[in-house]
Every structure is written in structure tokens, then in C-alpha cells.
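K.L.:
got a sequence here, can you model it:
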Amino acid sequence: MSTYWRKRKYYTGTDYYSSVSSQEYGDDNGIGQNAGYTEEYQQPVYDYSSYYQGNQQPVYDYGQQSLAYNRYQYDEQALQRYRDRRKREENRRQLERGRREREESYRQPDRGRREREESYRQPDRGRSMDRESRRQPYRSRNISEEERRQARRNRRMREERRRRRRRRLFIALAVRLACLLVILAAVISLARFTMSFVNPVKRKVTVEAGTELDVKDFLKREKVKGSFVTDISKVSLDHVGEREIILKVRGKERKSRLIVEDTKAPKAESASVVINVNEKLEAKDLVKNIQDATDVKCSFKEKPDLSKADKITAGITLTDEGGNTKEVISNIEVVVDREPPVMEGIAPLTGYIGEPISYKSTLTVTDNCMGDIDVQVDSSKVDTNTEGTYDVIYTAVDRAGNKAEASTTVTIMEKPEN
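P.N.:
Predicted structure coming up:
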């Protein structure tokens, strides 16, 4: 309830614009200026004029330069507080109402779920039933217990018929699939038998590299006889690849494709070597006794460091034409080579007039390091057309540049007649 000023008079009521629930104050209304009661609410009404006279605030009107008073400020605030209080009360009532409804719903059983379960248990009475009646729960139809048992029996019978029908369908599909598989196997077998009878030569033959070929390897049946038209001696089985082979079977030339493959890894032994610092070294120098039907390539798994004197190991990978690999570990001793090679087997030689002389027939050269040794023979003083004794000089140089020299004599004589 609030009091407001309108048209130069005071009013009180619950609504700002209400004229029914308000009482007008004035000199001629028969109500005192200090307190009174409205006819509708029967509550005391107070006159706030004295209050406004003591708390009035000046408001300046710049248009007419006259002073006015803000008579509505307090009344507007009081009305707004009343409206806010009514709104909070209404919200509280709504929350309380919702809480009670939720509590009531929690206390009640799930009627919808029970009705649906009950409707699932009842049979469908057929198309003659009205749609609206079918939508209603069976509880309201006054169905007897005997009818419900009969409905359950009918439902079980329908389920059993559906299971039997699915079982029969599955058996029929399985039988058809088995028949199709049997027919397909028979067609494939017949095709193979026909092809073997028409063409007794195999379309392609795969052999291991290094093996020997036989005519029986190209024929589908052992009783069939044939011969090679292609020269097998010119067919190399030391390399992987494909070649065309022509055979003569039953008086007719037929073609087949020979496929040579290598599925066996190579074999080899490691070789320990001594090499000079910064000397050139190849992977094949570190293996020996390589055994494989095809060509084998040697490569370092990791290139060794030959820049300083040391004893190291190196891994060598052997790869054949078929892609098979074998790994061998070899020892390497890196030294600073200052030793010259050693020549052995140098002895005086004898030659005959007009015949060539073999100067290196008994010569052997060894060195402390691996590598070929260059041996030169200086026979410029030898005259093979004149009898006499001549000097021959041998010079051997290794990879490090170390040189060794040796000399011998050659005696030239007349060849005896016998």
C-alpha cells in the first residue's frame, strides 16, 4: 500500500492507477488529515503532507525560472519497493508449488511405464478394435484373466512360428550356398582336367638357381613323354630371370616359361688383413671362399676408419641376385708400412740360344701388408743369341712405396741335339 500525489490531491492504494482501491484525501471528503481507513482494506491511512513539507527539495525549471518541488520521488520509490516485494512473493510461491509437485510425482509410481508394460502383455484384439480403444491401457477394458492367458499363448505361438520360419529360411540359404560351392569346385576341377589333357606342358616352371633342368619338370603328367627343342646347354641358370623354353610333346612344339629364382643366402669366410694407413680397401678383400649360385656383391655395413694405426673390425654384407644377404665380421690391422717386400726363389737361370726365358717361374714375393706387389725384371743385358753369362736384376715395390732388389745370372748355351 502506498500514497501518491495526483491532480493536487493525495491518494492511497495497492496500484498506482487504481481508482477503486484508493481513497481520495481533501477538505471535503469527511476524512481527517492525520489518519483514516479505506472502505475496502480497512487499514489506517496516513497523511504525508507534513512530511513532504519538511523534506521538500527545490527543483529548478530553467524554462520559466520558477521553483517547483519534487512531490513524486518518495511515492515512486515506495511503489517500486511494493512491486518488488509482490514479485518476490509470487516467485517464492511458484517455487514452493513446483517443489510440492515434484515431491508428489516422486511418491506416485511410474504409471506410464506400468501401463505400457501391461499393454505389451495384452494381445492385439485385431483390426476390428477401434484405434482409440487400442490406445487406451488394457487395464481399463475389463479383460478377464482367462483372456490374458489366451493372449499370452497366442503370442508364444506367433513367436514360435516366426522362429520356425527363420530357421527354414536359414537352412534353405545354407543348402543353396553349399550347392553353389560344390558346382564351382566341380567346374574348376573339370577345367583343370581339360587343360591338362589338351596341353600337357606346364605354363611356367620355377627352379632354384644352379640346379639342372629335366624334361619331366615341364610336363604335367609323368606318362607323357617329350624333349627339349631349346638348347638347354646355352640356358644359364647362374642368374635370376625368366626365359622361354620350347618343348616337343606328342609331335607338337609347345612353349613354357622358365623362372630362375635364388632363395638361398650366400656363404663366405672372413679374412683378416694388414693394411697401410690411408690405404684403399674394398669389401671383397675382407672375405674369401664365397659360395652362391648367382653373383654376389660385397659392401661395408659401416665404412672402417683407416686414417690411423689401430686394430679394428668391419662388417661386410654379402647380397646375391635374389636379394638374400649374409653378414661377415673381419679383422683389420692398420699399420705404418715401412717394410719392403721379400722376394724368394731367385736362383741362377739357364737358357738356350734363340729360345725365350721365363724369369719369374720360380719367383715368389711376400709383404707384410695386403695388396698387389709390382715386380719388374731388368734383362736388358741378356743376349739370347750369344752364348755367355749375363746379369738379371729384380725390383719389387709394394703399395706403400717400399722397394726391394735382387739379382741373379742367366747362362745362355747351345741347345744339345738330344
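K.L.:
please count neighbours and contacts with C-alpha atoms only from this point.
P.N.:
Fine.
K.L.:
roughly how far apart are residue 98 and residue 89?
P.N.:
Per Cα to Cα, to the nearest Å, residue 98 is found 14 Å from residue 89.
K.L.:
contact partners for residue 342?
P.N.:
365-367, 404 (Cα atoms under 8 Å, 6 or more residues apart in numbering).
K.L.:
switch the cut-off to 6 Å
P.N.:
365-366 (Cα atoms under 6 Å, 6 or more residues apart in numbering).
K.L.:
same question, residue 252
P.N.:
No contacts exist for residue 252 under Cα under 6 Å, 6+ apart.
K.L.:
quick check: beta-bridge partners of it?
P.N.:
residue 249 (DSSP bridges).
K.L.:
tell me the predicted confidence for it.
P.N.:
Note for residue 252: predicted pLDDT of 86.
K.L.:
next: residue 282.
P.N.:
For residue 282, pLDDT reads 90.
K.L.:
helix, strand or coil for the spatially most central residue of the chain?
P.N.:
The chain has residue 323 as the residue nearest its centroid, 26.5 Å off, counting by Cα atoms, centre = their mean. Secondary structure, DSSP: H, G, I helix; E, B strand; the rest coil: residue 323 is coil.
K.L.:
tell me where the stretch 201-350 of the chain has strands.
P.N.:
With DSSP state E, counting those that start in this stretch, the ranges of strands along the stretch 201-350 of the chain come out as 204-208, 226-228, 241-249, 252-261, 267-270, 273-276, 287-291, 296-300, 310-320, 325-335, 342-344, 349-352.
K.L.:
Serialize these to a markdown table and add fields for distance to residue 408.
P.N.:
A markdown table is the format used below for those (distance: least, Cα to Cα, whole Å):
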| stretch | distance to residue 408 |
| --- | --- |
| strand 204-208 | 55 |
| strand 226-228 | 61 |
| strand 241-249 | 56 |
| strand 252-261 | 56 |
| strand 267-270 | 39 |
| strand 273-276 | 31 |
| strand 287-291 | 36 |
| strand 296-300 | 42 |
| strand 310-320 | 39 |
| strand 325-335 | 32 |
| strand 342-344 | 12 |
| strand 349-352 | 8 |
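K.L.:
pick the most deeply packed of those.
P.N.:
strand 273-276 (a mean of 20; mean count of other Cα atoms under 10 Å).
K.L.:
list the pairing partners of that strand within its sheet, with orientation.
P.N.:
strand 325-335 (parallel).
K.L.:
can you show me the CA trace of the partner strand as PDB?
P.N.:
C-alpha atoms of strand 325-335 as PDB (Å, rounded to 0.1, in the frame of the first residue of the first chain):
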ATOM      1  CA  THR A 325      72.000 -61.400 -47.500                       C
ATOM      2  CA  LYS A 326      74.800 -62.700 -45.300                       C
ATOM      3  CA  GLU A 327      76.900 -60.700 -42.800                       C
ATOM      4  CA  VAL A 328      80.600 -61.400 -42.100                       C
ATOM      5  CA  ILE A 329      82.800 -59.800 -39.500                       C
ATOM      6  CA  SER A 330      86.500 -59.400 -40.400                       C
ATOM      7  CA  ASN A 331      89.600 -58.000 -38.500                       C
ATOM      8  CA  ILE A 332      91.700 -55.200 -39.900                       C
ATOM      9  CA  GLU A 333      95.100 -54.200 -38.700                       C
ATOM     10  CA  VAL A 334      96.200 -50.700 -39.800                       C
ATOM     11  CA  VAL A 335      99.900 -50.100 -39.600                       C
END
